[in-house]
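**Student:** model this:
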Amino acid sequence: MAQYSAPPLSYPLVVKTFQKYFAKTPEQVFDTFTRSAINAASIGQVHQATKDGKILAVKIQYPGIADSVSSDLKIGQTFCFAIT
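**Tutor:** Sure thing, here's the model as predicted:
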């Protein structure tokens with residue numbers, strides 16, 4: 001249920017994320033790209049895009065999620081080693 005309560009990323013933040021990882025805007029990567037998310041997921045939101053006539057779902061990860069998941073995995077790994 002958490003994904004339904006997360007506010008959508010603003011389009012400028014989506015563009016900033018693309019530029020960080022691809023050094024391009026969504027419009028430079030895809031033929032079309034929805035400015036608003038079409039759905040939410042557990043660690044990000046989904047936009048619809050097209051490329052070469054194909055309809056695509058593009059998942060944009062929420063900022064800070066990678067660090068959070070990494071931290072959770074480290075805690076889980078420590079816990080697993082402690083009980084073995």
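
**Student:** can you pull up the most central residue in the protein?
**Tutor:** Closest to where the C-alpha atoms of the chain average out (Cα atoms, centre = their mean) is Gln61, at 1.6 Å.

**Student:** let me see the contact set for that one.
**Tutor:** 17, 43-44 (Cβ atoms under 8 Å, 6 or more residues apart in numbering). Every C-beta, even on glycine, is put in place using the N, C-alpha and C of the backbone.

**Student:** flag the shaky bits of the protein, pLDDT-wise.
**Tutor:** By pLDDT under 70, the low-scoring segments of the chain are 1-6, 64-72, 75-84.

**Student:** what ranges does it have for its helices?
**Tutor:** Ranges of helices in the chain, per DSSP state H, are 2-5, 11-22, 26-29, 65-83.

**Student:** mind putting the contacts of Gln61 into TSV with neighbour count and distance to Lys24?
**Tutor:** Below are those laid out as TSV (neighbours: other Cβ atoms under 10 Å; distance: Cβ to Cβ, whole Å):
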residue	neighbour count	distance to Lys24
Thr17	17	11
Ile43	16	22
Gly44	20	18
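
**Student:** can you lay out the residues you listed as TSV showing distance to Glu27?
**Tutor:** Formatted as TSV, the contacts of Gln61 follow (distance: Cβ to Cβ, whole Å):
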residue	distance to Glu27
Thr17	14
Ile43	24
Gly44	19
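
**Student:** and of the residues you listed, the nearest to Gln28?
**Tutor:** Thr17 (13.6 Å; Cβ to Cβ).

**Student:** gap between the nearest residue to the closest one once chain neighbours are set aside and Gly53?
**Tutor:** The shortest distance from Thr17 to any non-neighbouring residue, by Cβ to Cβ, 6 or more residues apart in numbering, is to Ile60 (5.9 Å). From Ile60 across to Gly53, the span is 22 Å (Cβ to Cβ, to the nearest Å).
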